[in-house]
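[1] the sequence and its predicted three-dimensional model are supplied below.
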Amino acid sequence: MKRSIIAVFCIGVLFTSCKNEGKKENLSENETEPTAEVDPEMETSDLALEIVPISHATAVIKWGEVVIYTDPVGGADIFKGKDAPSFVLVTDIHGDHMDAKTLETLKLGATKVIVPQAVKDKLPKEMEANLVVMNNGDTQEIMGFSIKAVPMYNLPEAEDAKHTKGRGNGYIVEKDGQRLYISGDTEDIPEMRALENIDVALVCMNLPYTMTVEDAADGVLAFAPKKVYPYHYRGKDGLSDVSKFKELVNKGNKEIEVVQLNWYPEMK
């Protein structure tokens with residue numbers, strides 16, 4: 001009889017302990033969940049990943065101990081106080097994505113710079129030792145990360161388009177099953193809509209170079225990343241309406257977190 005009472009007591013203690021521990025876990029998640037407020041540095045809830053906007057298409061991405069520069073332009077001064085890059089991603093040949101002088105002033109040493117062939121063709125030969133050429137569909141392993149080059153281009157496809165298919169790269173960067181998508185200069189293309197299991201996405205939207213806010217939102221709703229950062233949103237007529245982008249995305253899918261950062265500090 002005593003043994004039965006003791007067993008019931010132990011089960012009750014175990015149940016109460018598990019219940020309380022579950023409450024603590026839920027509380028911890030609620031307390032640490034990031035908000036989608038404008039913040040110069042925003043850490044994701046699921047990754048050891050921090051997006052630091054520099055300007056337009058240029059960003060410093062901190063992923064654990066690794067630092068990734070995307071499309072570094074603007075000269076060395078713009079990166080003062082930032083950690084040196086572990087590797088660099090360049091998406092296209094245009095001056096808001098590729099700048100040989102900025103790359104040279106970063107004093108890269110042996111740091112690898114991932115580029116499409118069209119970018120390599122325009123960079124100085126002195127940089128060749130740093131360059132890793134990737135074209136659409138290629139995959140490379142660098143510093144424990146899987147990097148896949150994906151298409152970015154204008155619709156409708158035309159030879160005189162600002163961004164022709166196959167010239168530039170978007171990138172999917174993956175580690176430990178977590179996936180970051182960097183769109184580069186693209187429109188709402190089938191390859192973007194078909195993306196799967198994207199945790200964090202940087203998505204462009206500016207006319208007449210890429211796509212409208214509406215098309216960007218529609219594309220994002222198609223591949224449904226957990227979190228999306230509108231970037232590269234300055235066009236000929238000023239800045240795109242990223243608040244409208246957020247409204248459209250969340251109207252279609254409330255589960256997608258839209259994070260608006262300040263990509264244009266020089267305009268304040």
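    Alright, I've got the coordinates.

[2] run a quick neighbour tally on Glu141.
    Residues near Glu141, counting by other C-beta atoms under 10 Å, number 8. Where C-beta positions appear, they are placed from N, C-alpha and C, glycine not excepted.

[3] quick check, it in a strand?
    Yes - counting by DSSP: H, G, I helix; E, B strand; the rest coil, Glu141 is part of a strand.

[4] tell me the contacts of it?
    Contacts for Glu141 (C-beta atoms under 8 Å, 6 or more residues apart in numbering) come out as Ile147.

[5] does the residue nearest to Gln140 when sequence neighbours are not counted count as helix, strand or coil?
    Residue nearest to Gln140 in three dimensions, not counting chain neighbours: Ile147, with 5.0 Å by C-beta to C-beta, 6 or more residues apart in numbering. With three-state DSSP as the basis, Ile147 sits in strand.

[6] measure Ile147 to Glu174 for me?
    8 Å (C-beta to C-beta, to the nearest Å).

[7] settle it for me: which of those two has more neighbours?
    A direct count of neighbours by other C-beta under 10 Å for Ile147 and Glu174 places Ile147 higher, at 24 against 18.

[8] list the contacts for the more buried one?
    Taking C-beta under 8 Å, 6+ apart, one finds 89, 114, 134, 139-141, 171-174 in contact with Ile147.

[9] select from these the one having the most neighbours.
    For the contacts of Ile147, neighbours tallied by other C-beta under 10 Å; top is Leu89, 28 neighbours.

[10] show me what that one is bridged to.
    Thr70, Ile114 (DSSP bridges).

[11] what's stretch 162-172 in contact with?
    Against stretch 162-172 from outside (C-beta under 8 Å, 6+ apart): 89, 91-93, 97, 114-116, 118-119, 134-136, 147-154, 157-158, 179-186, 192, 195, 198, 208-210.

[12] name the residues of that stretch that are buried.
    For stretch 162-172, a neighbour-count test (16 or more other C-beta atoms under 10 Å) marks 163, 165, 167-172 as buried.

[13] that stretch: end-to-end distance?
    22 Å (C-alpha to C-alpha, to the nearest Å).

[14] count the residues that sit near Ala194.
    Using other C-beta under 10 Å, Ala194 has 10 neighbouring residues.

[15] quick check: Ile78 touching His56?
    No - judged on C-beta atoms under 8 Å, Ile78 makes no contact with His56 at a distance of 11.0 Å.

[16] out of these two, which sits in the busier spot?
    More neighbours surround His56 than the other of Ile78 and His56, with 20 against 14 (other C-beta under 10 Å).

[17] surely the more buried one meets Tyr231?
    Yes - if you go by C-beta under 8 Å, His56 and Tyr231 touch, sitting 7.5 Å apart.

[18] gap between Met267 and Leu248?
    23 Å.

[19] tell me the mean pLDDT over stretch 198-207?
    On average, the pLDDT along stretch 198-207 is 97.

[20] can you mark which positions in that stretch are buried?
    198-206.

[21] state the pair within these that is farthest apart.
    Asp199 and Asn206 (24.1 Å; C-beta to C-beta).

[22] sorry, back to before: mind putting the buried residues of stretch 198-207 into JSON lines with distance to Ala224?
    Below are the buried residues of stretch 198-207 laid out as JSON lines (distance: C-beta to C-beta, whole Å):
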{"residue": "Ile198", "distance to Ala224": "8"}
{"residue": "Asp199", "distance to Ala224": "11"}
{"residue": "Val200", "distance to Ala224": "12"}
{"residue": "Ala201", "distance to Ala224": "10"}
{"residue": "Leu202", "distance to Ala224": "15"}
{"residue": "Val203", "distance to Ala224": "12"}
{"residue": "Cys204", "distance to Ala224": "18"}
{"residue": "Met205", "distance to Ala224": "17"}
{"residue": "Asn206", "distance to Ala224": "22"}
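
[23] can you tell me which of those are in strands?
    200-203 (DSSP state E).

[24] mind putting these in a markdown table, distance to Pro85 included?
    Formatted as a markdown table, those follow (distance: C-beta to C-beta, whole Å):
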| residue | distance to Pro85 |
| --- | --- |
| Val200 | 18 |
| Ala201 | 21 |
| Leu202 | 16 |
| Val203 | 22 |
